[in-house]
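[1] I need the structure of the sequence given here:
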Amino acid sequence: MMEPALPEGLILHPDGRPRCWWAGLDPLYVAYHDTEWGVPEFDGRALYEKLILDGFQAGLSWLTILRRREGFRAAFDGFSPEAIARYTEADVARLMADTGIIRNRAKILGTIAGARAWLRIEESGPGFSRFLWDFCEGQPIQANPHSRADIATETEVSRRIAKALKAEGFSFCGPTIVHAFMQAVGMVNDHLTDCHRHGACAALARA
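    Model prediction:
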């Protein structure tokens, strides 16, 4: 008897668990899919780091960034906004010479501007985490996609967040990048419903 076909966008791994197609078989990517992607993140510094890395990803694969994440963390002082906000042209030159990161001057300058914006948001309101999570009323959105075709590349919420971030001084944060960011930090649960991580992330949202 033939096994029933998997929903489009789902792959069955050798360990017998179905996963979202994008995880592929690379162990680093699979671990990221299984332990980080879609898990609700409320720490403001961690949210800043992920938003910046998603900006660096523009035009590249996320796996490229993931393989260099520790290099980014070392180069950018652990993504401490307080430290990055004080960067000077000498730091920009240092980063442009660092082979452990993606050397893009506009994105480096955007990281510094974003750190300064992060500090303003922290100092003038409820904080960066609340600033972002208020757009989805503090609760992860359960998208419940059944197939790859059901997953949006941007939404009305991601468009509103992108507009608000740009108004605060962030760059490389268009609606598509912001939606990818929201998926990653659990603001939206976009694991396919038959992926083994969908239910776990939904349970974290309820908790």
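[2] Name the nearest residue to H146, sequence neighbours excluded.
    Spatial nearest neighbour of H146, chain neighbours left out: T193 (5.4 Å); criterion: CB to CB, 6 or more residues apart in numbering. All C-beta spots, glycine's among them, are computed from the backbone N, C-alpha and C.
[3] From L47, how far off is that neighbour?
    Distance, T193 to L47, using CB to CB, to the nearest Å: 26 Å.
[4] ok, now D98?
    23 Å.
[5] more crowded one of these two?
    Counted by other CB atoms under 10 Å, D98 and L47 do not tie: L47 has more neighbours, with 22 against 16.
[6] which stretches of this protein form strands?
    10-12, 18-20, 141-142, 188-189 (DSSP state E).
[7] re earlier: from memory the residue nearest to H146 sits against N144, does it?
    Yes: judged on CB atoms under 8 Å, T193 makes contact with N144 at a distance of 5.5 Å.
[8] So the two - more neighbours on which side?
    T193 (17 against 13).
[9] quick one: contacts for the more buried one?
    Contacts of T193 were listed using CB atoms under 8 Å, 6 or more residues apart in numbering, and they are 144-146.
[10] Name the residues that touch the longest helix out of those in the chain?
    As assigned by DSSP state H, the longest helix anywhere in the chain is helix 105-124. Applying CB under 8 Å, 6+ apart, the set of residues contacting helix 105-124 from outside is 44, 48, 51-52, 55-56, 58, 76, 81-85, 87, 91-92, 95-96, 127-128, 131, 165, 168-172.
[11] Tell me which residue is most central in this structure.
    By CA atoms, centre = their mean, the chain has its centre lying nearest to F181, at 3.2 Å.
[12] Return the distance of it relative to K166.
    For F181 relative to K166 (CB to CB), the value is 14 Å.
[13] Common neighbours of these two, please.
    C173.
[14] would you turn the contacts of T193 into TSV with pLDDT and distance to E156?
    Converted to TSV, these look like this (pLDDT from 0 to 100; distance: CB to CB, whole Å):
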residue	pLDDT	distance to E156
N144	96	17
P145	96	17
H146	95	21
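[15] of those residues, closest to R159?
    Taking CB to CB as the measure, R159 sits nearest to P145 out of the contacts of T193, at 18.9 Å.
[16] Report the mean per-residue pLDDT for stretch 178-191.
    Average pLDDT, stretch 178-191: 98.
[17] End to end on that stretch, go ahead and measure it.
    17 Å (CA to CA, to the nearest Å).
[18] quick one: buried residues of it?
    Neighbour counts over stretch 178-191 (16 or more other CB atoms under 10 Å) mark 178-191 as buried.
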